[in-house]
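Peer 1: Got a sequence here, can you model it:
(chains A and B)
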Amino acid sequence: DGGITQSPKYLFRKEGQNVTLSCEQNLNHDAMYWYRQDPGQGLRLIYYSQIVNDFQKGDIAEGYSVSREKKESFPLTVTSAQKNPTAFYLCASSMTRNTEAFFGQGTRLTVV
Amino acid sequence: AQRVTQPEKLLSVFKGAPVELKCNYSYSGSPELFWYVQYSRQRLQLLLRHISRESIKGFTADLNKGETSFHLKKPFAQEEDSAMYYCALEGSTLGRLYFGRGTQLTVWP
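Peer 2: Prediction:
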């Protein structure tokens, strides 16, 4: 079953704790992305990676970190520095410019 | 700076009525534009892109560079069209998409 998989689907954490969201794809896509989806704000880009061992900040990178050690994997860490981490997080991947981006099912993170 | 504006947060029509979801963009170069859709309990997926000039599920979208718009249209809405629709722009960076805030379309029977 090809596609992009995010885990877990729901995640609860205490305030002040770091948490890592998983994103794996078997589409052989070079580029991967993390978006944050908040009601009424659409999707905002957190980080993206166009190639292994390289990544770039998006519009709202503060309080987040990523790694891209393998082509298939692009985990996102939400650190304690993120002031408002409760949100729905979407991971996506794409092959080249002007092609379809494939999205995961998302992870809903709740920090209490 | 790149920007995508979807002025309507909510849009409701009756089945069989025409529907138009508005999208305006701001970009200095030649944009690549997309419409993505998210049905209830499903993942976000591509509906159509302007370069393909396709009609998908009866939807079409025409790029108007003069008005910097990429409105999504369907002549006869169906109940199964109810979903959240996002307009997106790809700028100069490979695959980097700028999304509008989305329009929730509800088609009443």
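Peer 1: Give me the contact list for stretch B:98-107.
Peer 2: A:35, A:40-45, B:2-6, B:8-15, B:19, B:21-23, B:36, B:77-91 (CB atoms under 8 Å, 6 or more residues apart in numbering or on different chains). Placement of C-beta: from N, CA and C, glycine included.
Peer 1: Which residue is the nearest non-sequential neighbour of the residue nearest the centre of chain A?
Peer 2: Of all residues in chain A, the one closest to the mean position by CA atoms, centre = their mean is A:Trp34, 3.0 Å from it. In space, and not counting its chain neighbours, A:Trp34 is closest to A:Ile46: 4.3 Å by CB to CB, 6 or more residues apart in numbering or on different chains.
Peer 1: pLDDT at A:Gly16, what is it?
Peer 2: pLDDT, A:Gly16: 88.
Peer 1: for A:Gly2, same thing?
Peer 2: 66.
Peer 1: now A:Arg97
Peer 2: As predicted, A:Arg97 sits at a pLDDT of 64.
Peer 1: Ok, B:Glu54 next?
Peer 2: 80.
Peer 1: residues contacting it?
Peer 2: Taking CB under 8 Å, 6+ apart, we find B:Glu54 in contact with B:Leu48, B:Thr60.
Peer 1: Would you map the strands across chain A?
Peer 2: With strands called from DSSP state E, chain A shows them at A:4-7, A:10-13, A:19-25, A:31-38, A:42-51, A:54-57, A:64-66, A:76-78, A:87-94, A:102-103, A:107-111.
Peer 1: I'd like the ones you listed laid out as CSV, including distance to B:Gln45.
Peer 2: Formatted as CSV, those follow (distance: least, CB to CB, whole Å):
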stretch, distance to B:Gln45
strand A:4-7, 11
strand A:10-13, 22
strand A:19-25, 15
strand A:31-38, 14
strand A:42-51, 13
strand A:54-57, 24
strand A:64-66, 24
strand A:76-78, 21
strand A:87-94, 11
strand A:102-103, 7
strand A:107-111, 18
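Peer 1: Point out where chain A drops to low pLDDT.
Peer 2: Across chain A, the ranges flagged by pLDDT under 70 are A:1-2, A:96-98.
Peer 1: No more questions from me, cheers.
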